[in-house]
Structure formats: C-alpha cells, structure tokens
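>>> after the sequence you'll find the predicted model.
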Amino acid sequence: MKPISYGRQSITDEDIQSVVDTLKSDYLTQGPKVAEFEREFARAIGAEYAVAVSNGTAALHLCAMALGVDSQTNVIVTPLTFAASANCIKYCGGNVHFCDIDSENYLMDLNKLRKMLEDAPMGFYKGVIPVDFAGYPIHCQELRKIADEYGLWIIEDACHAPGAYFVDSDGKKQFSGNGVFADLTCFSFHPVKHIATGEGGMITTNNPELFKKVSLYRTHGITKDVELMSQNPGGWYYEMQELGYNYRLSDIQAALGLSQLMKLDQSLIRRNEIAARYNSAFAGIDAIKTPKVADGIYHAYHLYVIQVEDRLGLYNYLRENKIYAQVHYIPVHLLPYYKSLGSIEGDCPVVENYYQHCLSLPMFPTLTDEEQQYVIEKVLEFVK
Ligand SMILES: Cc1ncc(COP(=O)(O)O)c(C=O)c1O
C-alpha cells in the first residue's frame, strides 16, 4: 500500500489539456479564461458575481477591505478554522473576537454568537466571519437574521464548501456563496480543496457595490473603465483610485479551475460516498465520534473528522502504517500571535476540547475502496 494522505488533488488528462491549450493561447495572465471561470463558478453556485483571485487568503483580505475594516472595527470569527479567516481582519488593522463552536456540527455556535452580541453595546461588533468547516454549510438564513438585528455584515468563509447547501425555511436549497444571505463569500482552490488551481481563490456576492470594490482592489486599485475615470486623455490611460494589490489569478490557473469545476458535482457525490462508508464502518463503536449531519444539509466533505480519546496515539499509529491523517485545526485563538493579542486558554472551551480529540481521515475523490478499507481497518485495530 502506498502512503495515503488526508487529502489530495485529482488531475485528469482533460485538466492537463485545458492548461496546455491556454499555454498556447495569447493570454497567460488574467484574460478570457479568468472571465469564463468567474462566469461558470457564479452560475454553479447561483451567485450574481464572482471575482477570481490569487488564493483564498487574498479573497478574505479583499472582502475585509471592501467592507471598510479599520482599527475601530470589531469582528467575530470562529476559532475552528485556518488562521487566514481571522488574519484578514488583522491585515486591515481590525480587532478579532472569537465565538466558540457548536459541539455537534463544529460551526460557529449561533446561540453563543447571540449572547456575545447581547452582552456588548449595540454597534460594537460590525461583522461576523463564519466558516463552513469541513464542508458543512452554516445555516446562513438563521445567521442573517441575527446579523440584521445587530447590523452586522457577513463574510462567509466557504473555502471548504463549494457545492454545499442547506434547505431554508421555505424548503429551498441555499448553496454556500449564492449571495442570498452572506454579503461576501470566499473560496480557496488550494490543491487539497475540491477545485485545485495550484493557488487560487474566488469571491462571490450579489452586491454590485461590493463586487466593484473587490474587483478594483484585486488589481492595485487601478481602473481602465472610462465611466469611472476622472479624465480620458487617450487609450493608454488608467487611474489608480485606491490602494489595492496584485491578487489576480492567471489564465493558466483559470483553465485548470474551469476543467476542475466541471467535475465538482461528481466529486461531491464521491466524497459523500466515502463519508457514508466511514460512518457505517464506525457505527456503534463508542470510542469513535463520527460527524453528525442535520436534515436538510448537503455536506461537501472537504474533511472527514472523527474524535477519539487518544488522538496522538491514533495519529502516530496511522503514520506508522503510512496513513497521513491530519489535525484540523489548532484553534486560532490559541496560536501564539492571537495569544499575544490577549486570547487565553479557556476562552472557547468547546473547540479546545474538540482539538484534543479530532483527527481528519483520508478524504478525496480518488481514494480507492481498497485504500479506504485499509484506513478503516487500521483505525479499528487501534481503538479496539
Ligand atoms: C477555512 C479556510 N479559510 C481560508 C483558507 C485560505 O486559503 P488559501 O490557502 O487558498 O489562501 C483556507 C485554506 O487553507 C481554509 O481552509
């Protein structure tokens, strides 16, 4: 058995051909493939606008900029995420406050969120960043209701969840990032994610003003749109109107992303099959806590996380057997940088307890049945 990682990209001959075709075309940097990728991604998710960027972190940063985060801005973030979900606020000089997770679905606990909002002066918090952790879509309709009561914007970090949805109170499927509830949503195309472009990311929104802002900030704050410029002395002219960045995706990457996007639905089906097989293999084993999924949720299963008593023991045992499981995540408020800003152990007890026990087992579409069986056997061997 060759080594098995917790996640990996699936690159087909079609994907390679798509990249080769673009390499032979006139555009390598942002060009027609990026525009096509944005169009197709927006269509797939059901959003009005999509803006492709160089990675998921850049997507988050641009969203924070577009919402005007500055040193006076207090934002609530889930601690169960990759550091980037909180860092985007720090890039803009804002202040991060952590809201603990729900012990069943591992998402930001909306009751605790409400409590934090009730306990603060009205207007203290300006925004909230939930994460669709592991591919489980947050109930953004419920979150929107709370956000509207307290005047918060929402940046949904759906880096784990393209194609995930929840069924709303009218029985409608609401896909993560469709722009109905969140102001802005971010995706990542890092190779372990559903769609791989090497590095890459996307922002979706239904808000035309925010769309214009993130588009401007993506490319230095420069516009060539004659409608927006203060003068137009000739075709060569452009205007830098704000301080932005070079956070563009290349056409080479977009070609890969487009080809990968075509396989998203299939890959979600496969990920759900793998999860179902783990669930049934571990059913009735008290020593293993498997993920719980509520009715009306379509889980994107970026990760399949179990909890066990002796996590370090299982992690090491699997490694000895060439299975490279992983821990997602060290709670962000316990990272030394955030501790230096005042977070302490005990701030978020649910996620701290989760962190002692969690382990992400191999989960990717090309994981074979034989490989998965081997993983299941090794896990069971250890816990029994
Ligand atoms: C939840 C979450 N947010 C943000 C990011 C950042 O994305 P990227 O690595 O594309 O910058 C990641 C990816 O690692 C992530 O898992």
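On my side now, so go ahead. Residues are numbered from 1 along each chain as shown.
>>> in stretch 9-25, what counts as buried?
Going by neighbour count (16 or more other C-beta atoms under 10 Å), the buried part of stretch 9-25 is 9-10, 15, 18-19, 22. Yep, even glycine has a C-beta here, placed from its N, CA and C like the rest.
>>> kindly apply the preceding question to stretch 133-146 instead.
Going by neighbour count (16+ other C-beta under 10 Å), the buried part of stretch 133-146 is 133-141, 143-144, 146.
>>> please apply the same query to stretch 318-336.
Buried residues in stretch 318-336, counting neighbours by 16+ other C-beta under 10 Å, are found at 318, 321, 323-326, 328-329, 331-335.
>>> so of the buried residues of stretch 133-146, which ones are in helices?
In this view, the buried residues of stretch 133-146 that belong to helices under DSSP state H are 140-141, 143-144, 146.
>>> doesn't residue 300 make contact with residue 275?
No. Taking contacts as C-beta atoms under 8 Å, residue 275 lies outside contact range of residue 300: 10.1 Å.
>>> and for the nearest residue to residue 50 once chain neighbours are set aside, the neighbour number?
Residue nearest to residue 50 in three dimensions, not counting chain neighbours: residue 42, with 3.8 Å by C-beta to C-beta, 6 or more residues apart in numbering. Residue 42 has 21 neighbours, counted by other C-beta atoms under 10 Å.
>>> pLDDT at residue 42, what is it?
Note on residue 42: pLDDT of 98.
>>> what helix or strand is it on?
Per DSSP states H and E, residue 42 falls inside helix 32-45.
>>> what about dumping the CA coordinates of that helix to PDB?
This file holds the C-alpha atoms of helix 32-45, laid out as PDB (Å, rounded to 0.1, in the frame of the first residue of the first chain):
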ATOM      1  CA  PRO A  32     -10.600  35.400 -21.100                       C
ATOM      2  CA  LYS A  33     -10.200  32.100 -19.100                       C
ATOM      3  CA  VAL A  34     -10.500  34.000 -15.800                       C
ATOM      4  CA  ALA A  35     -13.700  35.700 -17.100                       C
ATOM      5  CA  GLU A  36     -15.100  32.300 -18.200                       C
ATOM      6  CA  PHE A  37     -14.100  30.700 -14.900                       C
ATOM      7  CA  GLU A  38     -15.800  33.500 -13.000                       C
ATOM      8  CA  ARG A  39     -19.000  33.200 -15.100                       C
ATOM      9  CA  GLU A  40     -19.200  29.400 -14.700                       C
ATOM     10  CA  PHE A  41     -18.400  29.500 -11.000                       C
ATOM     11  CA  ALA A  42     -21.100  32.100 -10.300                       C
ATOM     12  CA  ARG A  43     -23.500  30.000 -12.300                       C
ATOM     13  CA  ALA A  44     -22.600  26.800 -10.500                       C
ATOM     14  CA  ILE A  45     -23.000  28.400  -7.000                       C
END
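>>> in its sheet, which strands sit next to the next helix-or-strand element following it, and in what direction?
Following helix 32-45 in sequence order, the next helix or strand is strand 49-53 (DSSP H and E). According to DSSP bridges, strand 49-53 forms sheet pairs with strand 201-205 (antiparallel).
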